[in-house]
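S.K.: please find the sequence and the predicted model below.
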Amino acid sequence: MKIIGIVRSGFTQKFGIPRQAGLGPDLKATLVIQKEFADPDWWRGIESFSHLWFITHLHQSDDSKTSPVVRPPRLGGNAKLGVFATRSPVRPNPLGLSLVENKGLEFTDKETLLHFANHDLLNGTPIFDIKPYIKEVDARMEATDGWIQDSAHQEYSVELTAEVLMSLSQFIPDQLEREVFLRAIAQILRFDIRPRYKKTNELSWFSYQGIDLGFTQETESLFKISQIKASLL
């Protein structure tokens, strides 16, 4: 298996990444293409597709924990389902499938880059293949969602304390960049990144774009970010 490219994203740890792609349009990343595939001929016509399938290597998945059954967080961690009836990252073969928004190719003197958004990929993820998304054949309106359709997401809004906002302006001086960052973290927390069986009101931390953010659940539908610091990673 040849690696097509390596993901460069703001997620440097698994906790904090949305459980699926498609939940955060402001979550942007870049695929750094391997030199073997840097020739523009490999990419001719890709600009005409708005979305792309990435076949990924779940490179930080722990193969030693592979089991026939898993406890999906969406079911509160209380129900066991077969691994092939879930999208658990702990699988016999650590392969993932992500549908991302195509934001275009960039050819520089040193690198060939494919920009994309609305993703769920850890920094450093190897990509084994890229295929165009074709809605005529990939979208199935008659499809059923199995056990997913009976486990609706709880949506949350996000607030930041005045102290965090002031510190954030020091980390990200540019106002437009700061606004994009704020939208991104709201999209990250929108459907709750915590394991459902570990929900408490204690402070939880996640990292995005080199910034660690500490948050607590204030109400049934509100997270408050009250602490911020530069990431050690």
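M.R.: Alright, I've got the coordinates.
S.K.: pull the longest helix from the protein.
M.R.: If you go by DSSP state H, the chain has its longest helix at helix 175-189.
S.K.: how far does that helix sit from its chain's centre?
M.R.: 14 Å (CA atoms, centre = their mean, to the nearest Å).
S.K.: buried residues in the helix or strand just after it, which are they?
M.R.: Moving toward the C-terminus from helix 175-189, the next helix or strand (DSSP states H and E) is strand 204-208. Residues 204, 206-208 are the ones in strand 204-208 that count as buried (16 or more other CB atoms under 10 Å). Backbone N, C-alpha and C define where each C-beta goes, glycine included.
S.K.: ok, the helix or strand of the chain with the lowest mean pLDDT: who's next to it in the sheet?
M.R.: Lowest on mean pLDDT, DSSP states H and E among the helices and strands of the chain sits strand 69-70, with a mean of 90. Using DSSP bridges, the strands paired with strand 69-70 are strand 81-82 (antiparallel).
S.K.: now for the next helix-or-strand element following the partner strand, which elements pack on it?
M.R.: On the C-terminal side of strand 81-82, the closest following helix or strand by DSSP H and E is strand 95-107. Other helices and strands packing on strand 95-107, by 3 or more CB pairs under 8 Å, 6 or more residues apart in numbering; DSSP states H and E, are strand 51-57, strand 112-117.
S.K.: what's next to the shortest one, contact-wise?
M.R.: Yep, that's strand 112-117 we're talking about. 5, 24-33, 37-38, 43, 52, 100-107, 130 (CB atoms under 8 Å, 6 or more residues apart in numbering).
S.K.: just the buried ones among those residues, please.
M.R.: 5, 24, 26-31, 33, 43, 52, 100-103, 105, 130.
S.K.: domain parsing of the chain, as residue ranges.
M.R.: Following automatic domain parsing, one gets these domains for the chain: 5-59+94-138, 157-230.
S.K.: that older thread, for residue 90, find the nearest of the helices and strands packed on strand 95-107.
M.R.: Minimum separation from residue 90 across the helices and strands packed on strand 95-107 (CB to CB) falls at strand 51-57, 13.9 Å.
S.K.: helices or strands up against the closest one?
M.R.: Right, strand 51-57 is packed against strand 95-107, strand 126-132 by 3+ CB pairs under 8 Å, 6+ apart.
S.K.: flag the shaky bits of this structure, pLDDT-wise.
M.R.: Filtered on pLDDT under 70, the chain yields the residue ranges 63, 150-152, 196-199, 232-233.
S.K.: residue 125 reaches residue 61, doesn't it?
M.R.: No: using CB atoms under 8 Å, residue 125 is not in contact with residue 61; the gap is 10.7 Å.
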